[in-house]
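Q: build me a model:
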Amino acid sequence: MSRAPSPQLDFAVLVVDDNPMVRANAVNLFEDLGFSVFDTYDGTEALRLIKAHPEIGLLFLDVRMPGMSGPELAEAAQRVRPTLKIVFTSGYVDARAVPREAPFVPKPWRVDQVNEAIRAAARQTPHG
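A: As a prediction, the model looks like this:
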């Protein structure tokens, strides 16, 4: 399947997943879509990156991670930056495990699903 570029969205993506191979695949996917990408394995480091890099506009995160869960991280991240867009992903749970308004992409990812989730996230209204 060809990887059609996402709509021209001017922000970087932060990928948060505790599995290094999954995280590397996500980074490659977003880079192939034309995004600048940051990545980390946990919520504490994700919050540090969000505070340090105002260009991060989208958080692509696993729902189930040790320590801080994806939904907990999303809530904390949006307290730091209410305009931050969120897309959840998981291979273990489905969209019912995340806030109803949040886009969700099941693992393994399909590029069209990721693109649609990015578009849906771009339509999110800021929290706060």
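Q: ok, the nearest residue to R64 once chain neighbours are set aside - how many residues close by?
A: Excluding the flanking residues, the one nearest R64 by C-beta to C-beta, 6 or more residues apart in numbering is Y92, at 5.6 Å. For glycine as for every other residue, the C-beta is placed from the backbone atoms N, C-alpha and C. If you count neighbours by other C-beta atoms under 10 Å, Y92 ends up with 10.
Q: quick one: buried residues of the helix or strand of the chain with the lowest mean pLDDT?
A: Sorted by mean pLDDT, DSSP states H and E, the helices and strands of the chain end with helix 111-122, the least confident at a mean of 94. By 16 or more other C-beta atoms under 10 Å, the buried positions in helix 111-122 come out as 113-115, 117-118, 120-121.
Q: adding distance to I56, write those residues out as CSV.
A: Shown next, in CSV, are these (distance: C-beta to C-beta, whole Å):
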residue, distance to I56
Q113, 22
V114, 17
N115, 19
A117, 16
I118, 14
A120, 18
A121, 13
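Q: residue contacts, the residue most central in space within the chain?
A: Nearest to the geometric centre of the chain sits F60, at 0.9 Å (C-alpha atoms, centre = their mean). By C-beta atoms under 8 Å, 6 or more residues apart in numbering, the contact list for F60 reads 13-16, 26, 30, 87, 89.
Q: let me know the closest of those residues to L73.
A: Among the contacts of F60, V16 lies closest to L73 (C-beta to C-beta), at 6.6 Å.
Q: can you pull up the bridge partners for that closest one?
A: Going by DSSP bridges, V16 is paired in beta bridges with T40, L61.
Q: I figured it hits I56, correct?
A: No. Counting by C-beta atoms under 8 Å, V16 stays clear of I56, with 10.9 Å between them.
Q: and those two? which has more neighbours close in?
A: Ranked by neighbour count (other C-beta under 10 Å), V16 and I56 place V16 first, with 28 against 22.
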